[in-house]
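J.: model this:
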Amino acid sequence: MEQFGDFTEVTQFTNVQYLGCSQLVNNDNDNEMKALMKVLDEQKGAQTVNVTLVVPHNISGTVKLIDSQGKVLSSFSLVNIRFCIRGESTTSQNNCFGISFTHKINVGDNNSSDILHQCHVFRTSKAETAAKALYCFSYAFSNKNVSAVSNRMEFLFESILEIRENDGTADKPIWKLCPQHNGVFKVRRDREKKIVVQLKQIEGFLLNIKKCFGMLLAAGRNLRHSDLQLLEMQRNETGTDSAVFLIEANWDPRVHMFEVLNTETPRDTRVFMTVAIDVIVTEISEPIRFSMEAMSRVFHEHERFYKTPQTVVSEEFTLVLEKNFDQADPNDRKLTFISLESDSDRKRSKQNLGKSPSRMPTQLLHPTGDDESDCDEPLLSGSGKVSQECKEEHLEMWNSLIENWDQQSDRPEKISELVLDGIPDKLRGQVWQLLANAIDQPDLVEKYHNFLNQPCPSEQVIMRDIHRTFPAHDYFKESGGKGQESLYKISKVYSLYDEEVSYCQGLSFLAASLLLHMPEEQAFCTLVKIMFNYGLRDLFKLGFDNLHLRFFQLTALLKDYIPELSHHLDHIGIETHMYASQWFLTLFTAKFPLQMVFFILDLFLSQGMNTIFHISLALLHDAKTDLLQLDFEGTLKYFRVSLPRKYRTEAATKQLIHKAVKYRLNHSKLEVYEKEYKRIKEQERENEDPVLRMEKEIGRHLANTLRLERENDDLAHELVTSKIELRRKLDVAEDQIETSANAIERLTRQNQDILEENKNLMREYEQIKEMYRRDVLRLEENGSRAEKLLAEYKKLFSERSKRAECEKENFEVQKKAIVARISECDKCWPSVCEWEKNRSPVHTASTPTGLDLLTKLEEREDHIKSLEIDLAQTKLSLVEAECRNQDLTHQLMAQSESDGKKWFKKTITQLKEVGSSLKHHERSNSSVTP
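T.: Here you go, the predicted structure:
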């Protein structure tokens, strides 16, 4: 399509084929016009004329057909056109269109007139040109302002925003539309996304959008242009409807600039985002930027969304242009941009809101703080500071009470009085365990560790809830941190431990409160005791019958104690379950500040289930004045937002606790209300129409069926995933088994070879052992023979020594007697002296004297002693050899097969050394034996 001329007044379509015209019976019958269009299109030939179609922009204009030479072939007023139609998109006439008009003709000579209906059929080169031509006719019909006083014109545009996420992989992407509700997109972090914008012109003559040269995105609203970040363009074209222009761009939220839009947002918190597109319009001399604002909530990357009704996020824009008649260049008829205002800008201007600062505001990352009492956002669970201050005497009193408590089985009497002022936060974990009787539970701890490694059917639900539990507390804020990991473990184990209740929303808040004061195992034991011993698990059982009973009891108590408020709530349609369900299911832990949560848990563990009624009545009494002035919506918002904010201080919390305790409830009434509730339910069952009862039963079963189908889908998805993982693990295991089997076979052969070698070595060892045993016996016999010989030598030498002594003594006596007789004779004495002198050498040399014999005897004795020493050493060596032999025997039996051969060679060497040593001693002993 080519436009020329004064397009501020008319739109011209060139190279349009005029197929002809024909008479119509009924100019409002579109079927007749389509049939005529088909006939003319099939019969087109030489009679077809290329014309320029001129369409005016207001209803008072004239439609003209101009040939290639500029001559007007035909013209007719726009007001005479009755109907416009386009060929069906599935046929060859999809680029054809027709217009029917009515005009009067003269009949006969009496100047009478008749009405003639005709249909003109045109064919264009593109289907979108036909659509644009019909749009120009439509705009001209609706434009009745023919005043030319003002040169300004208004155009109305509508933009539709969509976000798509990759639900597949990077290689095989599956783009799914992000659900949204009330203008809030639900997106998942770390997922690649596409942003799709449809820009549609709905008023004004059709402007030609040439292209979009940029899509921009940023977190926040009321942003300056410099705050926006450019995205990568993916699609940029006119749609099947010529009035619609499509723009698509890729968005990677993991980029640092989009960190705010990629951070999980807590429950009931939203993040603003702004999307802008810069487009070039042929009729306008400058580009135009359309900016849209929306809200989003970021979930965990594995969050699953169920099907919700699809609505669109749209924004309307009013574009104001002005005719620009430049006298210097008469052919320059472009329009001048004056303003572009969206509905959001219009509302913002009424509220006097300005642009944002250059830095993005902090509330994009976190909700408004606790000190902003006028904030419409509810308090995040886990918010508020817990006082750590405690008087010394108060702390000592609690320590003394705990010491006495450990020594006795009964609960101390002072506990109820002390709990009113709150348990010191340092001792709260220990006291909670004592109150719940959860100290020293080895069976529960063992079950806790056993269940940790088992699969859990509720794992996906738990993973979704732990990110919403106490998001304002530092311990649970970090995704995948220690706090969330511990909370996941406790929730998972309890769902496996209590199969009847499994996992229900609300349990995580109570578990998180326990985790802030004790380790995982103790927190699990305490949670089990609270659920079973305090009757809390009855509220979660299938059907929630016990929970509805508690609602009935609270409603009755409200009528008895605060009748004015009860009447008001009934009047505006507020039922008890609308505000009290979380009070019972979470023990007030989900919405209220932590200081109040811990005080209520102190009282609950001390007083039991009736504490909930006391606290509920105290809260309603405090809020009575405010609630009496509110309507239905205001009341629900008050319970959700304003009421928890009233108890952000310790003083306000203590005041509430004391007021709750002072409520003198007649607990016997609770039993009366319970009986009445059961009677009413029984009566309802009796009076209920069987058909209605069956319909309710069917509805309940259908709801359970839908829930089970969703769970079945989840389980099927998990099953397929687990099967794939198990198949992979099985393949790896089979490979490992095959490798292990080959290794076992190889080691078995090695083991058999070693066993055979070990048997041979054992036989050699037994032979050597027997040989050395015989050698030892022979050495023992030689030793005993040497001992006997030594004893005989000793005896012989002793006798000879005694005889020599006697002979010596006799000789000396005789010598003295002879010398005494001869000494008196002078003649004989010299002869005797001479004889003695001549005799002594000869006697000494030839005949041994007694002295010589004694000397030899001493030498023999020394030799015998040396033999005894050698014999003792030989015996000692023998004993050592036997000990060594025994040690070697034990070592041989204990040694592993891998080093047995080496060890046995070493043993043989040692045995040979011992044998050579024994032989050496034997030869030395035999050499000294006479």
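
J.: Show me the helices in the stretch 651-800 of the chain, by range?
T.: Using DSSP state H, counting those that start in this stretch, the helices of the stretch 651-800 of the chain run over 667-687, 690-822.

J.: Out of those, which gets nearest to residue 867?
T.: Smallest distance to residue 867 across the helices of the stretch 651-800 of the chain (CB to CB): 6.3 Å, for helix 690-822. The C-beta positions use only the backbone N, C-alpha and C, and glycine is treated the same way.

J.: by how many degrees do the closest one and helix 667-687 diverge?
T.: Helix 690-822 and helix 667-687 are oriented at 130 degrees to each other (axes from the mean of the first three to the mean of the last three CA atoms, to 10 degrees).

J.: Next, the contact list for the residue sitting furthest away from the middle of the chain, please.
T.: Distance from the C-alpha centroid of the chain peaks at residue 827, with 143.3 Å (CA atoms, centre = their mean). If you count contacts by CB atoms under 8 Å, 6 or more residues apart in numbering, residue 827 has none.

J.: pLDDT weak spots in the stretch 151-300 of the chain?
T.: By pLDDT under 70, the weakly predicted segments of the stretch 151-300 of the chain are 267-268.

J.: Okay, strands next: where are they in it?
T.: 152-166, 175-177, 180-181, 184-188, 193-203, 209-219, 229-230, 232-238, 244-251, 271-281, 288-299 (DSSP state E, counting those that start in this stretch).

J.: Quick one: these as a markdown table, columns for distance to residue 766 and mean neighbour count too.
T.: Converted to a markdown table, the strands of the stretch 151-300 of the chain look like this (distance: least, CB to CB, whole Å; neighbours: other CB atoms under 10 Å):
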| stretch | distance to residue 766 | mean neighbour count |
| --- | --- | --- |
| strand 152-166 | 79 | 18 |
| strand 175-177 | 82 | 13 |
| strand 180-181 | 91 | 17 |
| strand 184-188 | 79 | 20 |
| strand 193-203 | 84 | 19 |
| strand 209-219 | 89 | 20 |
| strand 229-230 | 90 | 12 |
| strand 232-238 | 87 | 14 |
| strand 244-251 | 85 | 21 |
| strand 271-281 | 88 | 21 |
| strand 288-299 | 80 | 19 |
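
J.: a markdown table for those, including distance to residue 12?
T.: Listed next are the strands of the stretch 151-300 of the chain as a markdown table, based on distance: least, CB to CB, whole Å:
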| stretch | distance to residue 12 |
| --- | --- |
| strand 152-166 | 18 |
| strand 175-177 | 40 |
| strand 180-181 | 42 |
| strand 184-188 | 43 |
| strand 193-203 | 18 |
| strand 209-219 | 18 |
| strand 229-230 | 36 |
| strand 232-238 | 19 |
| strand 244-251 | 21 |
| strand 271-281 | 17 |
| strand 288-299 | 23 |
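
J.: Between the ones you listed, which one is closest to residue 543.
T.: Closest approach to residue 543 among the strands of the stretch 151-300 of the chain (CB to CB): strand 180-181, 28.5 Å.

J.: Which neighbours in the sheet does the closest one have, and how are they oriented?
T.: strand 184-188 (antiparallel) (DSSP bridges).

J.: what residues does the strand it pairs with touch?
T.: Outside strand 184-188, the residues that reach it (CB under 8 Å, 6+ apart) are 163, 165, 178-180, 193, 253, 261, 270, 294-303, 305, 313.

J.: so residue 562 touches residue 619, yeah?
T.: No. Counting by CB atoms under 8 Å, residue 562 stays clear of residue 619, with 10.8 Å between them.

J.: which residues are in contact with both of the two?
T.: Residues within reach of residue 562 and of residue 619 at once, by CB under 8 Å, 6+ apart: there are none.

J.: Between these two, which is the more surrounded one?
T.: Set residue 562 next to residue 619 and count neighbours by other CB atoms under 10 Å: residue 619 wins out with 24 against 18.

J.: residue contacts, the more buried one?
T.: Neighbouring residues of residue 619 by CB under 8 Å, 6+ apart: 643, 656.

J.: Using neighbour counts, pick out the buried residues of whichever strand or helix holds it.
T.: Using DSSP states H and E, residue 619 falls within helix 610-622. Buried residues in helix 610-622, counted by 16 or more other CB atoms under 10 Å: 611, 612, 613, 614, 615, 616, 617, 618, 619, 620, 621, 622.

J.: quick one, what contacts the last one?
T.: Residues near residue 622 by CB under 8 Å, 6+ apart: 646, 656, 659.

J.: any idea how far the closest residue to residue 88 other than its chain neighbours is from residue 24?
T.: Spatial nearest neighbour of residue 88, chain neighbours left out: residue 94 (6.6 Å); criterion: CB to CB, 6 or more residues apart in numbering. Per CB to CB, to the nearest Å, residue 94 is found 22 Å from residue 24.

J.: which of the two has more neighbours?
T.: Shown here are residue 94 and residue 24; by other CB under 10 Å, residue 24 has more neighbours (21 against 16).

J.: What does that one show for phi and psi?
T.: Taking degrees, to the nearest 10, you get phi -110, psi 150 for the backbone angles of residue 24.

J.: any idea how far it is from residue 95?
T.: For residue 24, the distance to residue 95 - CB to CB - is 22 Å.

J.: repeat for residue 511
T.: Plainly put, residue 511 is 66 Å away from residue 95 if you go by CB to CB.

J.: The two - which one has more neighbours?
T.: Taking other CB under 10 Å, residue 511 and residue 95 do not tie; residue 511 has more neighbours (25 against 20).

J.: residues of the host helix or strand of the more buried one that come out buried?
T.: Taking DSSP H and E as the criterion, residue 511 maps to helix 507-515. By 16+ other CB under 10 Å, the buried positions in helix 507-515 come out as 507, 508, 509, 510, 511, 512, 513, 514, 515.

J.: Now the phi/psi pair for the residue nearest to the second one when sequence neighbours are not counted, please.
T.: By the measure of CB to CB, 6+ apart, the closest residue to residue 508 outside its immediate chain neighbours is residue 469, 4.4 Å from it. Note on residue 469: its backbone torsions stand at phi -90, psi 120 [degrees, to the nearest 10].

J.: Understood, closing this out.
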